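# Can you look at this prediction? I've put the sequence above it.
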Amino acid sequence: MKTISKIIALILLAIVPVVASGQQKNKKTETVKYVTSIDCENCVNKIMTNLPHEKGIKDVRCDLSTQEVTVTYVRDKNNNEAIKKAIEKLGYTAREVNPAETEKKE
(Lines give C-alpha, C1' and ligand atoms only; values in the text may rest on other atoms or scores of the structure.)
Protein backbone atom coordinates (compact mmCIF):
# COMPACT_ATOMS: atom_id res chain seq x y z
CA MET A 1 0.00 0.00 0.00
CA LYS A 2 2.86 2.38 0.80
CA THR A 3 4.40 1.63 -2.59
CA ILE A 4 1.18 2.57 -4.37
CA SER A 5 0.99 5.80 -2.38
CA LYS A 6 4.58 6.65 -3.32
CA ILE A 7 3.90 5.96 -6.99
CA ILE A 8 0.79 8.16 -6.94
CA ALA A 9 2.73 10.93 -5.19
CA LEU A 10 5.50 10.75 -7.80
CA ILE A 11 3.00 10.89 -10.64
CA LEU A 12 1.30 13.92 -9.11
CA LEU A 13 4.65 15.65 -8.64
CA ALA A 14 5.42 15.03 -12.29
CA ILE A 15 2.04 16.30 -13.53
CA VAL A 16 1.67 19.47 -11.43
CA PRO A 17 4.61 21.37 -13.02
CA VAL A 18 3.30 20.56 -16.50
CA VAL A 19 -0.16 21.89 -15.67
CA ALA A 20 1.32 24.97 -13.99
CA SER A 21 3.53 25.76 -16.98
CA GLY A 22 0.46 25.58 -19.25
CA GLN A 23 -1.31 28.12 -17.07
CA GLN A 24 1.70 30.46 -17.23
CA LYS A 25 1.66 30.33 -21.02
CA ASN A 26 -1.96 31.48 -21.00
CA LYS A 27 -1.01 34.48 -18.87
CA LYS A 28 1.52 35.52 -21.52
CA THR A 29 -1.05 35.62 -24.31
CA GLU A 30 -3.64 38.24 -24.99
CA THR A 31 -6.63 38.31 -27.30
CA VAL A 32 -7.69 41.47 -29.07
CA LYS A 33 -10.58 42.13 -31.45
CA TYR A 34 -10.65 44.63 -34.33
CA VAL A 35 -13.51 45.88 -36.47
CA THR A 36 -12.11 45.96 -39.99
CA SER A 37 -13.14 46.79 -43.53
CA ILE A 38 -13.15 43.16 -44.72
CA ASP A 39 -16.15 42.56 -46.96
CA CYS A 40 -15.64 39.27 -48.80
CA GLU A 41 -14.10 35.81 -48.54
CA ASN A 42 -10.98 37.01 -50.37
CA CYS A 43 -10.44 39.59 -47.63
CA VAL A 44 -10.81 36.90 -44.97
CA ASN A 45 -8.36 34.65 -46.83
CA LYS A 46 -5.84 37.49 -47.10
CA ILE A 47 -6.03 38.15 -43.34
CA MET A 48 -5.95 34.45 -42.45
CA THR A 49 -2.97 33.82 -44.74
CA ASN A 50 -0.79 36.80 -43.87
CA LEU A 51 -1.48 37.80 -40.27
CA PRO A 52 -0.25 34.53 -38.70
CA HIS A 53 3.21 35.32 -40.09
CA GLU A 54 3.52 38.32 -37.79
CA LYS A 55 5.70 37.79 -34.76
CA GLY A 56 3.98 36.19 -31.76
CA ILE A 57 0.60 35.58 -33.43
CA LYS A 58 -0.94 32.37 -32.07
CA ASP A 59 -4.46 32.44 -33.51
CA VAL A 60 -6.46 34.51 -36.00
CA ARG A 61 -10.21 34.31 -36.48
CA CYS A 62 -12.32 36.34 -38.89
CA ASP A 63 -16.05 36.91 -38.73
CA LEU A 64 -17.20 38.29 -42.07
CA SER A 65 -20.75 38.97 -40.85
CA THR A 66 -19.49 41.42 -38.19
CA GLN A 67 -16.27 42.38 -40.03
CA GLU A 68 -14.31 41.46 -36.90
CA VAL A 69 -10.83 39.98 -36.71
CA THR A 70 -9.86 38.35 -33.41
CA VAL A 71 -6.16 37.82 -32.75
CA THR A 72 -4.46 35.92 -29.93
CA TYR A 73 -0.79 36.77 -29.53
CA VAL A 74 2.16 36.53 -27.15
CA ARG A 75 2.49 39.84 -25.29
CA ASP A 76 6.29 39.66 -25.13
CA LYS A 77 6.50 39.44 -28.92
CA ASN A 78 3.78 41.77 -30.20
CA ASN A 79 1.23 44.40 -29.17
CA ASN A 80 -2.20 45.70 -30.15
CA GLU A 81 -0.88 48.67 -32.13
CA ALA A 82 1.57 46.58 -34.17
CA ILE A 83 -1.19 44.09 -35.04
CA LYS A 84 -3.47 46.97 -36.06
CA LYS A 85 -0.71 48.29 -38.34
CA ALA A 86 -0.21 44.81 -39.83
CA ILE A 87 -3.93 44.66 -40.72
CA GLU A 88 -3.73 48.15 -42.22
CA LYS A 89 -0.63 47.16 -44.19
CA LEU A 90 -2.76 44.46 -45.83
CA GLY A 91 -5.09 47.22 -47.06
CA TYR A 92 -7.87 47.23 -44.46
CA THR A 93 -8.99 49.66 -41.81
CA ALA A 94 -8.78 48.38 -38.25
CA ARG A 95 -10.26 49.72 -35.03
CA GLU A 96 -9.64 47.93 -31.76
CA VAL A 97 -12.85 46.85 -30.07
CA ASN A 98 -13.11 47.75 -26.43
CA PRO A 99 -14.07 44.63 -24.41
CA ALA A 100 -17.02 46.59 -22.97
CA GLU A 101 -18.43 47.00 -26.51
CA THR A 102 -18.34 43.22 -27.03
CA GLU A 103 -20.22 42.60 -23.77
CA LYS A 104 -23.00 45.02 -24.80
CA LYS A 105 -23.59 43.07 -28.06
CA GLU A 106 -24.05 39.77 -26.22
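On my side now, so go ahead.

# Would you double-check that R95 falls in a strand?
Yes: R95 forms part of a strand when assessed by DSSP: H, G, I helix; E, B strand; the rest coil.

# burial count for it?
12 (other C-beta atoms under 10 Å). Backbone N, C-alpha and C define where each C-beta goes, glycine included.

# Also the one 4 residues further on?
By other C-beta under 10 Å, the residues close to P99 number 10.

# how close does it sit to I4?
Using C-beta to C-beta, to the nearest Å, we find P99 at a distance of 48 Å from I4.

# Relative to Y34, how far out is R75?
Distance, R75 to Y34, by C-beta to C-beta: 17 Å.

# Neighbour count: these two, which is higher?
Neighbours around R75 and Y34, counted as other C-beta under 10 Å, are more numerous at Y34. The numbers are 22 against 12.

# Excluding covalently adjacent residues, which one is nearest to the more buried one?
Among residues not flanking Y34 along the chain, A94 sits closest, at 4.4 Å (C-beta to C-beta, 6 or more residues apart in numbering).
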